[in-house]
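In: what would the 3D arrangement of this be:
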Amino acid sequence: MISTKGRYALRIMIDLAQHEGEGNIPLRDIAQRQEISKKYLEIIVKDLVKSGFLRGVSGKGGGYSLCRKAEEYTVGEILELMEGSLAPVACLMENAEPCPRADTCSTLPMWEEYYEMIHSFFYGKKLSDLIGSRDPVYYI
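Out: From the prediction side, this is the model:
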């Protein structure tokens, strides 16, 4: 399950991508638009800045901006930064100890297939794919 931290990180990144070209965006503006506590967003943006996903500027005219173009970020990398590995079982995590049962495990092929689907799905989605993906629907 993806936590609120992972989901909110995506919302921050989408918000910044939607306002690209407007300079540094204050966190209070993002918090207001996304209806998320500014305090909670401060925790998330700290990780995003530290990892080089966002650029933060203090003082007057300060705020946040993307370090890359929206099409250069994958949803997978953002989620893994916030959530850790997306592997469904410990034996498929990066740098996992070799499982002594791997050769006889009846479920390992299923977990590998599931992990490949998750990984392909999230790493196949770009941040730019999510911009404006929820346009309002007008009924006539």
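In: any chance you could map the strands in this structure?
Out: 54-57, 63-66 (DSSP state E).
In: looking at the ones you listed, which is closest to Met82?
Out: strand 54-57 (12.6 Å; Cβ to Cβ). C-beta here means a position set from N, CA and C on the backbone, and glycine is covered the same way.
In: centre-most residue in this protein?
Out: Ile78 (2.8 Å; Cα atoms, centre = their mean).
In: quick one, what contacts that one?
Out: Ile78 is in contact with 6, 9-10, 13, 53, 127, counting by Cβ atoms under 8 Å, 6 or more residues apart in numbering.
In: so can I have CSV of the residues you listed showing neighbour count and pLDDT?
Out: What follows is these, written out as CSV (neighbours: other Cβ atoms under 10 Å; pLDDT from 0 to 100):
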residue, neighbour count, pLDDT
Gly6, 20, 97
Ala9, 24, 98
Leu10, 18, 97
Met13, 24, 97
Phe53, 22, 98
Leu127, 23, 97
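In: just the pLDDT for the residue nearest to the centre of the chain.
Out: Per-residue pLDDT puts Ile78 at 98.
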